[in-house]
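**Student:** Sequence and predicted structure below; questions after.
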Amino acid sequence: GEDVEQSLFLSVREGDSSVINCTYTDSSSTYLYWYKQEPGAGLQLLTYIFSNMDMKQDQRLTVLLNKKDKHLSLRIADTQTGDSAIYFCAEKKDDSWGKFQFGAGTQVVVTP
Amino acid sequence: EPEVTQTPSHQVTQMGQEVILRCVPISNHLYFYWYRQILGQKVEFLVSFYNNEISEKSEIFDDQFSVERPDGSNFTLKIRSTKLEDSAMYFCASRSGVEYSNQPQHFGDGTRLSIL
């Protein structure tokens, strides 16, 4: 199968941590990405992780990869109102020319 | 930081008309892509392009669609005879060909296509 699944909505208070989850079904996917989409804007690359890693940290962002469970998460520390957006996870299969399979996106709403 | 640019930002077209969506990828990138996002749905892969030819396409990319790199900077998506269901946001993306094929794709802001 080729489905990438994400929960559709997350509400978080400003200053708290957000955790966005993603599951994928194809074990041949070896590269996973997180993109952010603000209203009316394009897809902004946030971070990415390769299958030979289980964690990657980049400032407020932490990506965790559990290959056994095919589970990917993005943690945003100290969430700010500017983090309100739709977050997409995407997978790329090792044998493709770069075709990405996207999840449906998780809408994150940050409340004061 | 270099970015992918797309024009126009919004295109309104009568059903049955041809439309061309334009993209200027990042200048040293060698792999180019089109995706679409129907309102409220997933971002879907349409086509990838490398070395002046299509390298991969989805089942959405039928004979009504074509891509072209007419010069050294532009990358276009043409829809020959538009249908109502072609209404969507169309994203162009590019990535470098340097080193590994796992280099991330960089996306433009999209063209919103509305078919009337």
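**Tutor:** Happy to help now that I have it. Numbering: from 1, shown residues only, chains lettered A, B, ... in the order given.

**Student:** Now do the particular helix or strand that has A:Ala90 in it, average pLDDT.
**Tutor:** Using DSSP states H and E, A:Ala90 falls within strand A:85-93. Mean pLDDT, strand A:85-93: 90.

**Student:** same question, stretch B:32-49
**Tutor:** Mean predicted lDDT for stretch B:32-49 stands at 92.

**Student:** what's the answer for stretch A:67-76, then?
**Tutor:** pLDDT averaged over stretch A:67-76 gives 92.

**Student:** ok, and what's touching that stretch?
**Tutor:** Contact with stretch A:67-76 is made by A:17-25, A:27, A:32, A:34, A:46-47, A:49, A:51, A:54, A:60-66, A:83, A:87, A:89, A:108, as judged by CB atoms under 8 Å, 6 or more residues apart in numbering or on different chains. C-beta coordinates here come from the backbone N, C-alpha and C atoms, glycine included.

**Student:** The strand holding A:Ala90 - contacts with which helices or strands?
**Tutor:** strand A:4-6, strand A:18-24, strand A:29-37, strand A:71-76, strand A:100-102, strand A:106-111 (3 or more CB pairs under 8 Å, 6 or more residues apart in numbering or on different chains; DSSP states H and E).

**Student:** how about CSV for those, with mean neighbour count added?
**Tutor:** CSV is the format used below for the helices and strands packed on strand A:85-93 (neighbours: other CB atoms under 10 Å in any protein chain shown):
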stretch, mean neighbour count
strand A:4-6, 20
strand A:18-24, 19
strand A:29-37, 22
strand A:71-76, 19
strand A:100-102, 23
strand A:106-111, 17
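
**Student:** Indicate which one of those is closest to B:Tyr35.
**Tutor:** strand A:100-102 (7.5 Å; CB to CB).

**Student:** element containing the spatially most central residue of chain B?
**Tutor:** Centroid-nearest residue in chain B, with CA atoms, centre = their mean: B:Trp34, separated by 2.9 Å. Per DSSP H and E, B:Trp34 falls inside strand B:29-37.

**Student:** Put the alpha carbons of that strand into PDB.
**Tutor:** C-alpha atoms of strand B:29-37 as PDB (Å, rounded to 0.1, in the frame of the first residue of the first chain):
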ATOM      1  CA  HIS B  29      18.300  22.200  -9.900                       C
ATOM      2  CA  LEU B  30      17.900  19.400 -12.400                       C
ATOM      3  CA  TYR B  31      14.800  17.500 -11.300                       C
ATOM      4  CA  PHE B  32      11.400  19.100 -11.700                       C
ATOM      5  CA  TYR B  33       7.900  18.100 -10.500                       C
ATOM      6  CA  TRP B  34       4.200  19.100 -10.700                       C
ATOM      7  CA  TYR B  35       1.800  18.300  -7.900                       C
ATOM      8  CA  ARG B  36      -1.800  19.300  -7.400                       C
ATOM      9  CA  GLN B  37      -4.000  19.800  -4.400                       C
END
